[in-house]
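J.: I would like the atomic coordinates for the input below:
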Amino acid sequence: MAAQPDAIDRRKRAAAEAAAAEIGDGMTVGLGTGSTAAFAIAAIARRMRDGLSVRAVATSERTAAAALSMGIPLVAMDDVDSLDLAIDGVDEIDPLFRAIKGAGGAMLREKIVASAASRMIAIADASKFVDRLGARPVPIEVLPLARAFVARRVTLLGGTAHLRAGTDGPARSDQGNVILDCAFGPVSDPAALAVALSAIPGALGHGLFVEEIDALYLGDGDGVIRRDRPPPTADG
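T.: Numbers count the residues shown, from 1 in each chain. Have a look, this model is predicted:
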């Protein structure tokens, strides 16, 4: 039986609080976007009220507003060349820590922040842990003039691209670009697909995170499971 929404929120909150406990005094932290990341923001704010000193980089305007409303000081990413830690949710993650992100439309900023962080922690409820990626679409942030071209390239790669709808026309990222949600079905080689998507002119960023995630806090019915990124295999 699927978990009820309140149970899912409890699991998200537990995972977020466990990840926030890793933050040390004086760190610069990347804050993700989405409902699970929102629990991490709240957990960090509580720790700050207990004396933690921290500054943060936000991956979206929505995250920035939430952080500021809770008293978390922000610094612009364009002034920061590295981060101590990043905490963010995932839409799917497999046993090799390859993930799909971007349901909130912030995957480009999220990937920049994750790549800049010395340590990237994914947080999720147990339903996001899957044997193979692909039940959810891979979002791609696209320069508007390249929308049809990128969609065609996605088709040639075996996917189906759908323009994400907003409240008044196409959904837009914080950068003003459109988003294609691309369904590929089960993804046998996420790394190869990530390379292929990155090579498409006009595709500014995609939601396949292949190497960025170092640790995972997974909330389930029994508490929080902590996993570290498995070591590479002999064949890479």
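J.: contacts, neighbours, all on C-alpha from now
T.: Will do.
J.: got any ranges where this protein has weak pLDDT?
T.: 1-3, 233-236 (pLDDT under 70).
J.: ok, which stretches of it are helices?
T.: Using DSSP state H, the helices found in the chain span residues 5-20, 35-49, 61-69, 107-116, 147-156, 190-198.
J.: Columns distance to Leu204 and mean neighbour count on top of those, output as a markdown table?
T.: Output for these, formatted as a markdown table (distance: least, CA to CA, whole Å; neighbours: other CA atoms under 10 Å):
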| stretch | distance to Leu204 | mean neighbour count |
| --- | --- | --- |
| helix 5-20 | 29 | 22 |
| helix 35-49 | 23 | 21 |
| helix 61-69 | 18 | 16 |
| helix 107-116 | 7 | 23 |
| helix 147-156 | 10 | 17 |
| helix 190-198 | 8 | 16 |
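J.: Take these and lay them out in a markdown table including distance to Ala122.
T.: Below are these laid out as a markdown table (distance: least, CA to CA, whole Å):
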| stretch | distance to Ala122 |
| --- | --- |
| helix 5-20 | 8 |
| helix 35-49 | 9 |
| helix 61-69 | 16 |
| helix 107-116 | 10 |
| helix 147-156 | 27 |
| helix 190-198 | 17 |
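J.: Distance check, Phe97 against Ala20.
T.: The gap separating Phe97 from Ala20 is 19 Å, by CA to CA, to the nearest Å.
J.: hmm, back to that, and the helices of the chain: which comes nearest Gly89?
T.: Among the helices of the chain, the nearest to Gly89 by CA to CA is helix 35-49 (5.5 Å).
J.: For the closest one, give me every contacting residue.
T.: Helix 35-49 is contacted by residues 12-13, 16-17, 19-20, 31-32, 54, 63, 66-67, 70-72, 87-89, 123-124 when judged by CA atoms under 8 Å, 6 or more residues apart in numbering.
J.: Would you mind confirming that Val29 is in contact with Ala67?
T.: No: counting by CA atoms under 8 Å, Val29 sits too far from Ala67 to count as a contact (11.6 Å).
J.: Can you give me the separation between the closest residue to Pro137 other than its chain neighbours and Asp81?
T.: Nearest non-adjacent residue to Pro137, counting by CA to CA, 6 or more residues apart in numbering: Ala183, 4.4 Å away. From Ala183 across to Asp81, the span is 33 Å (CA to CA).
J.: out of the two, which sits in the more crowded spot?
T.: A direct count of neighbours by other CA atoms under 10 Å for Ala183 and Asp81 places Ala183 higher, at 20 against 9.
J.: Which residues are in contact with that one?
T.: With CA under 8 Å, 6+ apart, Ala183 has these contacts: Gly134, Arg136, Pro137, Val138, Gly159, Thr160, Ala161.
J.: again with Leu52
T.: Per CA under 8 Å, 6+ apart, neighbours of Leu52: Gly24, Asp25, Gly26.
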